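Colleague: build me a model from this:
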Amino acid sequence: MSDAICTENLTKNFRGVHALSDVSMSVKEGAIYALVGPNGAGKTTAIKVLMNIMTPTSGRAEVLGVSSTKVAGAVFGSIGYVSENQKMPDWMSVDMFLSYLRPFYPTWDRALEDALVKQLQLPIDRRLGKLSRGMRMKVALASSLAYRPKLIVLDEPFGGLDPLVRDEVIEGLVERAPEATVFLSSHDLAEIENLASHVGYLEDGRLRFSEETVTLNDRFREIEVTLEKAPTLPSSLPGSWMRIQNSASVVRFVESRFEAERTKTDIRQVFGETRDVAINPMSLRAIFLSMAKTGRGIA
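Modeller: Numbering: from 1, shown residues only. Prediction:
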């Protein structure tokens with residue numbers, strides 16, 4: 001299976017600020033890939049480079065087999081791109097806007113357009129300038145899906161949307177996902193967890209990990225070790241342990257490379273005999289928060 005998106009040592013600087021630093025990742029065709037990270041991590045910059053809105057300082061990126069610096073014109077006929085602050089002509093009605101776009105896309109599917117209008121409950125006679133942010137996002141999504149793109153790129157599509165609208169947007173995406181690769185940035189992790197097949201974590205412009213969501217969930221665990229007495233923690237602890245906290249006779253930490261037998265062996269080597277060891281799975285949100293707090297030096 002080939003890559004819909006591929007970057008190698010992708011770097012983008014702004015007057016000495018490293019917005020992206022040596023980012024290398026691949027997004028396989030058919031994946032739903034979520035790029036997550038704190039605000040200011042570089043997610044939007046990465047998307048703008050991929051969409052040729054910005055040029056990289058160094059490194060390279062390919063989108064649908066084309067260099068990102070050549071993404072233009074006909075290439076956009078295969079890409080559906082929706083940004084957080086989508087620009088649309090406020091004076092046009094929804095119907096007028098869709099009619100305006102049709103001639104630009106040879107693969108525009110009127111039957112699919114009608115289905116999306118119905119599914120997303122778009123008010124076709126209302127002017128875009130009179131729509132709520134959530135409704136404008138749904139119009140942008142419909143206009144980007146109606147021509148059956150091979151790649152759907154979404155920059156913070158769920159920000160500020162109420163739960164009902166968010167669910168409608170996700171439903172529209174999921175129904176079209178089998179036909180395309182989806183690449184999105186978001187910090188709405190509760191929704192991403194149920195949507196993404198792959199996830200990449202960007203922090204301070206660096207890609208900390210990029211892997212299948214299932215694999216990520218398998219390797220992170222919250223560990224609580226109960227001892228007979230208050231522990232004295234050694235200066236050297238396993239490098240995969242994060243956010244280590246201890247109070248009285250209980251030590252809590254996050255294991256980022258969980259393997260049942262190895263993790264239990266590490267615990268025995270550090271603490272010796274224990275009264276109890278509780279090992280709990282983590283949500284994607286909990287993993288994200290652990291990574292973010294560790295990056296900021298917060299216990």
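
Colleague: can you tell me how far Gly73 is from Val27?
Modeller: Remark: distance between Gly73 and Val27 (Cβ to Cβ, to the nearest Å) = 22 Å. Every residue, glycine included, has its C-beta placed from N, CA and C.

Colleague: ok, these two, which is more surrounded?
Modeller: Taking neighbours as other Cβ atoms under 10 Å, Gly73 and Val27 compare with Val27 leading, 23 against 7.

Colleague: pretty sure that one is touching Ser2, no?
Modeller: No: if you go by Cβ atoms under 8 Å, Val27 and Ser2 don't touch, sitting 10.4 Å apart.

Colleague: all helices of this protein, in order?
Modeller: Counting by DSSP state H, the chain has helices at residues 43-50, 94-101, 110-119, 133-145, 163-176, 189-195, 213-219, 260-271, 284-295.

Colleague: show me how far stretch 242-257 is from its chain's centre.
Modeller: 27 Å (Cα atoms, centre = their mean, to the nearest Å).

Colleague: would you mark the buried spots in it?
Modeller: Within stretch 242-257, the residues that qualify as buried are Met242, Arg243, Val250, Val251, Phe253, Val254, Glu255, Ser256, counting by 16 or more other Cβ atoms under 10 Å.

Colleague: which members of these are the farthest-apart pair?
Modeller: Val250 and Ser256 (20.0 Å; Cβ to Cβ).

Colleague: re the thing from before, can you list the helices of the chain in TSV and add distance to His18, mean neighbour count and mean pLDDT?
Modeller: Formatted as TSV, these follow (distance: least, Cβ to Cβ, whole Å; neighbours: other Cβ atoms under 10 Å; pLDDT from 0 to 100):
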stretch	distance to His18	mean neighbour count	mean pLDDT
helix 43-50	10	23	95
helix 94-101	37	17	96
helix 110-119	39	15	91
helix 133-145	30	22	89
helix 163-176	32	16	75
helix 189-195	25	17	77
helix 213-219	25	15	93
helix 260-271	34	14	93
helix 284-295	15	18	82
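
Colleague: so which of those is nearest Phe183?
Modeller: That would be helix 43-50 among the helices of the chain, by Cβ to Cβ, at 7.7 Å.

Colleague: now the buried residues of stretch 242-257 as TSV including distance to Arg285 and pLDDT?
Modeller: Listed next are the buried residues of stretch 242-257 as TSV, based on distance: Cβ to Cβ, whole Å; pLDDT from 0 to 100:
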residue	distance to Arg285	pLDDT
Met242	15	91
Arg243	15	90
Val250	23	93
Val251	23	93
Phe253	18	95
Val254	13	95
Glu255	17	96
Ser256	16	94
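
Colleague: what does stretch 259-270 rub up against?
Modeller: Residues outside stretch 259-270 that contact it (Cβ atoms under 8 Å, 6 or more residues apart in numbering): Arg221, Ile223, Val225, Leu233, Pro234, Leu237, Pro238, Trp241, Glu255, Thr274, Val277, Ile279.

Colleague: can you tell me the closest non-neighbouring residue to the fourth one?
Modeller: Which is Leu233. Distances taken as Cβ to Cβ, 6 or more residues apart in numbering place Asn246 nearest to Leu233, at 6.5 Å, with adjacent residues excluded.

Colleague: the one you found is in contact with Leu237, isn't it?
Modeller: No: judged on Cβ under 8 Å, Asn246 makes no contact with Leu237 at a distance of 11.3 Å.

Colleague: can you pull the contacts of Leu35?
Modeller: Taking Cβ under 8 Å, 6+ apart as the test, what Leu35 contacts is Lys43, Ala46, Ile47, Phe183, Leu184, Ser185, Ser186, Val199, Gly200, Leu202.

Colleague: what is the burial count for Asp200?
Modeller: To be clear, residue 200 is Gly; Asp isn't right here. The burial count assigned to Gly200 is 24, neighbours taken as other Cβ under 10 Å.

Colleague: now do Thr274
Modeller: 17.
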